[in-house]
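Trainee: pasted the sequence and its predicted model underneath.
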Amino acid sequence: MKPSEYASLNAAQQLALLDSGDVSSVELTQAHLGRIDEVNAPINAIVTVDAEGALSRARQSDDARARGELLGPLAGLPMTHKDTHNVAGMRSTNGSLCLKDFVPDTDDLVVARLRASGVVATGKSNVPEFGAGSHTFNEVFGTTTNPYDTSRSAGGSSGGLAAALASGIQPLGEGSDMGGSLRIPASFCNVFGFRPSWGVIPMPSPVNAWAWLGRTGPMARTVGDLELFMNAVAGPTPEVTPGAPDLRGAFGQVPGAQRGGVRGVRGLRVGFTTSLGLPVQPAMQEAVRRAAATFEAMGATVEEASPDLTGAAEVFDATRATDFAAGLGSFVESQRELVKPEVIWNVELGWSLSSRDLLRVRALLTRLQASMREFHRRFDLLISPGAQVVAFDATQRFPAEIEGVASTTYLDWMRSACLLSAAGVPTLAAPAGFDGDGLPTGVQLSGFHYTDAELLAWGKAYEKASGHDAAPISPRLAACDARSLRTLAPA
């Protein structure tokens, strides 16, 4: 194959070439770095590149393979990492002026597990400051734009990764998700993003070890690649109190999946809602209807229904605020002038909550969990909008209104994701076609707690039935060179 052709391959296909000896990790990494040079200028997805280190790591991987050593499941695969995740020896800024020159000594757990699985670290993908908000811009690196329309947002906070996937820079990567940071960029960029159940991929913290709202998970152009990632990265750690089941090796093993008739798809009980009671653009509502029709055509029992999410917004807002205060309060206290106003607002909200407020939130969360149990007694799967809007103007901080309803905070336009975050259930973001302007739309597919492997199996069946199994990259960036791309670069 020509190096230019590697961009369209998914991770499983690239790994198969490595295993067969048809390509070396050095060759694949060179093609990956070349793709960054070709397409990154207009989208600003990759903000740090360590070409020399990457090629050295690739050579080490090739040498280990030549010696017949036991290799990790992702051995030799080049991958950038989300800039909110520490990579030892590599600048890790969190998109903040507070950390613009920070180089950590150790890897975050997800990065360490990817490194142990054989991934070749090549650089960092862009994020909003401290991962706050679902539009990727910051004062260190600027704005990431959408490969399907470079005047539009790629979403966030894993927006750099989503744009990298959609433009063929890499096929697979790790992100994180508190209020939609995997799901909204996946919806905007026509890729898959997976928010696992709590603790399936642990998130150790020196200041907030019991935090449950944020999750680490993968994003890719195929569900099969998500399963590869989960098998490589999931599992408990002594740094976090046990509680989640160990799902290592479970992904891709659901009975019937290999035959295309995934267990439970025929007769699967599916509820769908086009709005979750929120303002949602018509294109995103239509995406839900298309996905529901796809499941019905596969033999599922489909019914319009939604869980009662009363109180979920309050649970999310208060929990997010306390998590921000715990993790980012020191930056607001010591370097307030460098921190963006949305982060300051969230931290100060966390500081302002009283014990009475927090007791109310615990009561609401208890009621919310009872509501989710009741819903999932009736339904195996919930389909809801992947976002309330299609990708918006990248010069905006966030949409000012949706269908005539004003956004009073930077979280209001993200509620379709935030409500499910508060519910805590595993959720797969999946492509669902395009609007009339050619912008991607998406849906959320949610199961009950710890049905993660089943959820991805159902998602794989949907992927095939809906025709989204070709691992597409944006046609705008699929076949172009650096000279033509510069004309697309934002001013």
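Mentor: Ah, there it is.
Trainee: tell me where the stretch 351-491 of the chain has strands.
Mentor: Along the stretch 351-491 of the chain, counting by DSSP state E, counting those that start in this stretch, strands occupy 381-385, 401-402, 405-406, 427-434, 440-446.
Trainee: make TSV out of these and add mean pLDDT and mean neighbour count.
Mentor: No exception for glycine: its C-beta is placed from N, CA and C like everyone else's. Formatted as TSV, the strands of the stretch 351-491 of the chain follow (pLDDT from 0 to 100; neighbours: other C-beta atoms under 10 Å):
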stretch	mean pLDDT	mean neighbour count
strand 381-385	98	28
strand 401-402	98	16
strand 405-406	98	12
strand 427-434	98	26
strand 440-446	98	28
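Trainee: out of those, which gets nearest to residue 82?
Mentor: Comparing the strands of the stretch 351-491 of the chain against residue 82 with C-beta to C-beta, the closest turns out to be strand 427-434 (15.7 Å).
Trainee: whatever helix or strand residue 184 lives in packs against which elements?
Mentor: Per DSSP states H and E, residue 184 falls inside helix 183-189. On a contact count with 3 or more C-beta pairs under 8 Å, 6 or more residues apart in numbering; DSSP states H and E, helix 183-189 meets helix 159-166, strand 192-195, strand 427-434, strand 440-446.
Trainee: for the ones you listed, give me TSV that also has distance to residue 327.
Mentor: Output for the helices and strands packed on helix 183-189, formatted as TSV (distance: least, C-beta to C-beta, whole Å):
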stretch	distance to residue 327
helix 159-166	20
strand 192-195	19
strand 427-434	23
strand 440-446	25
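Trainee: quick one, which of these gets closest to residue 118.
Mentor: When the helices and strands packed on helix 183-189 are compared by C-beta to C-beta, helix 159-166 sits nearest residue 118, at 19.1 Å.
Trainee: what's the angle between that closest one and strand 427-434?
Mentor: For helix 159-166 against strand 427-434, the angle by axes from the mean of the first three to the mean of the last three C-alpha atoms, to 10 degrees is 50 degrees.
Trainee: just the mean pLDDT for the helix or strand that contains residue 152, thanks.
Mentor: Using DSSP H and E, residue 152 sits within strand 149-153. Averaged over strand 149-153, pLDDT sits at 98.
Trainee: neighbouring contacts of that strand?
Mentor: 42-43, 135-136, 144-146, 159, 188, 391-394, 396, 437-439, 476, 488-490 (C-beta atoms under 8 Å, 6 or more residues apart in numbering).
Trainee: does residue 307 count as helix, strand or coil?
Mentor: Classification of residue 307 by DSSP: H, G, I helix; E, B strand; the rest coil places it in coil.
Trainee: from residue 376, how far off is it?
Mentor: Distance of residue 307 to residue 376, given as C-beta to C-beta, to the nearest Å: 8 Å.
Trainee: of those two, which one has the most company?
Mentor: Neighbour count, other C-beta atoms under 10 Å: between residue 307 and residue 376, residue 307 has more, with 25 against 20.
Trainee: ChimeraX command to pick out the buried ones of the contacts of strand 149-153?
Mentor: Remark: buried members of the contacts of strand 149-153, expressed as a ChimeraX selection using 16 or more other C-beta atoms under 10 Å:
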select :42,43,135,136,144,145,146,159,188,391,392,394,439,476,488
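Trainee: now the helices for the stretch 151-300 of the chain?
Mentor: For the stretch 151-300 of the chain, the helices defined by DSSP state H, counting those that start in this stretch occupy 159-166, 183-189, 223-233, 282-297.
Trainee: now these as CSV including mean pLDDT?
Mentor: Compiled in CSV, the helices of the stretch 151-300 of the chain are given as follows (pLDDT from 0 to 100):
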stretch, mean pLDDT
helix 159-166, 98
helix 183-189, 98
helix 223-233, 97
helix 282-297, 98
